[in-house]
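1. Take a look and give me a structure for this.
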Amino acid sequence: MSVLPLEGITVVSIEQAVAAPFATRQLADLGARVIKVERDSGDFARNYDTTVDGEASYFVWLNRGKESVVLDLKAEADQQVLRTMLSRADVFVENLAPGAVARLGFTTEVLKEINPRLISVSISGFGEGGPYARKKAYDLIIQCEAGLLSLTGTEEDPAKVGVSIADIAAGMYAYSGTLAALLQRARTGEGTHVAVSMLEALGEWMQQTYLYAEYSGTAPKRSGAAHASIAPYGPFEVSDGVVFLGLQNEREWALFCDHVLKNPELKGDALYSTNSLRVANREQLGALITAQFQGRTVAEVQGLLDEVGIANAQMRTMAEFSAHPQLAARDRWRTVATPSGTARVALPPVTLGVEPPMAPVPALGEHTERILREFAS
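-> Below you'll find the model as predicted:
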């Protein structure tokens, strides 16, 4: 039988919402035992909605494969249970309000005393120091502070990204940082502290735009579904819908002119012969392409683009994504149990030659009694 990469690793997490649960769910998918510590009211993401047969879509997405234990961390007895858990754990993850874990008595120094091999992982909004350290941070707040809203939306109206991108970024770095810390511990025998902030995680993803603005002296404009610095790139109307396409280089531009637009002369046109010129004359070029596409269907235009290897897509709804032929052909959907039934969810995107456990989503406090017996002093 194949062994999952993190079998034998125990993770204790005091987590809520998205960032930390996203990190620990990925550890659970790799075989780690993840013990989720909740207050008696539960992770507040349990109550975001009731759309998955009574369960919250966020919670089902982020919490499969975990054990739920309810502890009152202001009570001495339950603090002792947590100390015992941490003394036997490999990883401790938290994303509570700034300073909350330290106020409970579990500072980085105390954690090292409890378990020198423990890897502690803290996820915060703005980092563990500086003037914003204690400022509350949610996904929209970080999208604003990292400059992302200056890029997304139309020229008239900013729009936030439609998924929790700042939380996801922080969760991904907490996950990869944990894996790196486990490798480091295998060499040194000692644990370490991993710190991730949402601002710095999303800020890493903003680096190309920052560099462009810093060194060109021009901030990119919001351009809807188009690209601020590449053309043609974005949506174009056809007779029965919209096709999205993206060109990356002059070879593709030549192929686009020759085989898709059927207008070879255009590739040498003084208005469009380089990408910079095409961006500067984006509106005229867009009108020209739309005029060429008006008599063609989505299928016809996508067929032409596919023939010459130019990236293209149609905008799918969530229902169409659910039925995506590529995901179906690759057998990328599984069923997981929830406290209220089952849910169809996607497999983790990384394949390692081992089937992920896709274990159940826990009910609040489902494992409290067993865990309290296991970690009794």
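
2. quick one: Thr51 and Ser57 touch, right?
-> Yes. Under the criterion of C-beta atoms under 8 Å, Thr51 is in contact with Ser57, at a separation of 5.1 Å. C-beta coordinates here come from the backbone N, C-alpha and C atoms, glycine included.

3. Among those two, which residue is more densely surrounded?
-> Neighbours per residue (other C-beta atoms under 10 Å) separate Thr51 from Ser57, with Ser57 holding more: 14 against 11.

4. got the contact list for the more buried one?
-> 48-49, 51 (C-beta atoms under 8 Å, 6 or more residues apart in numbering).

5. 7 Å instead, please
-> Ser57 makes contacts with 49, 51, as judged by C-beta atoms under 7 Å, 6 or more residues apart in numbering.

6. go on, Thr10?
-> Thr10 touches 33, 88-90, counting by C-beta under 7 Å, 6+ apart.

7. Let's see that with 10 Å instead.
-> Shown in contact with Thr10 (C-beta atoms under 10 Å, 6 or more residues apart in numbering): 32-35, 85-86, 88-92.

8. how near is it to Ile35?
-> With distances taken as C-beta to C-beta, to the nearest Å, Thr10 is found 7 Å from Ile35.

9. Domain parsing of this structure, as residue ranges.
-> Structural domains assigned to the chain are 10-206+329-374, 233-316, following automatic domain parsing.

10. Point out the most buried one among those domains.
-> Highest mean neighbour count among these (mean count of other C-beta atoms under 10 Å): domain 10-206+329-374, with a mean of 18.

11. Where does the prediction get shaky in the chain?
-> For the chain, the stretches with pLDDT under 70 are 1, 377.

12. which SS class is Arg334?
-> Recorded secondary structure, Arg334: strand (DSSP: H, G, I helix; E, B strand; the rest coil).

13. show me what contacts it?
-> Per C-beta under 10 Å, 6+ apart, neighbours of Arg334: 64, 343-348, 355-356, 358.

14. Which ones among those map onto helices?
-> Judged by DSSP state H, helices contain none of the contacts of Arg334.

15. Looking at those, which is nearest Asn281?
-> Nearest to Asn281 among the contacts of Arg334, counting by C-beta to C-beta, is Ala346 at 40.8 Å.

16. Touching, that closest one and Arg332? I think so.
-> Yes. Between Ala346 and Arg332 there is a contact under C-beta atoms under 10 Å: 5.7 Å.

17. would JSON lines of the domains of the chain with distance to Ser223 be doable?
-> Converted to JSON lines, the domains of the chain look like this (distance: least, C-beta to C-beta, whole Å):
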{"stretch": "domain 10-206+329-374", "distance to Ser223": "7"}
{"stretch": "domain 233-316", "distance to Ser223": "8"}
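
18. Tell me which of the ones you listed sits nearest to Gly224.
-> Of the domains of the chain, nearest to Gly224 by C-beta to C-beta is domain 10-206+329-374, at 4.9 Å.

19. Glu237: which element?
-> strand 233-238 (DSSP states H and E).

20. just Ser68 next, same as before
-> Counting by DSSP H and E, Ser68 is part of strand 66-70.

21. and for Thr10 and Ile35, which residues touch both?
-> Joint contacts of Thr10 and Ile35 (C-beta under 10 Å, 6+ apart) are 85, 89.

22. now the end-to-end length of stretch 127-136.
-> The first and final residues of stretch 127-136 sit 11 Å from each other (C-alpha to C-alpha, to the nearest Å).

23. contacts for that stretch?
-> So stretch 127-136 is in contact with 97-99, 102, 108, 122, 124-126, 137, 141, 145, 193, 195-200, going by C-beta under 10 Å, 6+ apart.

24. OK, contacts around Asn263?
-> Contacts of Asn263 by C-beta under 10 Å, 6+ apart are 256-257, 269, 288-289, 292.

25. Tell me which two in those are the farthest apart.
-> Asp269 and Gln292 (13.9 Å).

26. Now render the contacts of Thr10 as TSV, adding distance to Leu183 and secondary structure.
-> Output for the contacts of Thr10, formatted as TSV (distance: C-beta to C-beta, whole Å; DSSP: H, G, I helix; E, B strand; the rest coil):
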residue	distance to Leu183	secondary structure
Ala32	14	coil
Arg33	19	strand
Val34	19	strand
Ile35	22	strand
Met85	23	helix
Leu86	21	helix
Arg88	21	helix
Ala89	17	coil
Asp90	12	coil
Val91	13	strand
Phe92	17	strand
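
27. what's the farthest-apart pair in those residues?
-> Maximum distance among the contacts of Thr10 (C-beta to C-beta): 15.1 Å, for Ala32 and Leu86.

28. give the contact list for the spatially most central residue of the chain.
-> Closest residue to the average C-alpha location of the chain: Ile168 at 3.1 Å, with C-alpha atoms, centre = their mean. Ile168 sits next to 18-19, 22-23, 139, 161, 198, 201-202, 205 when contact means C-beta under 10 Å, 6+ apart.
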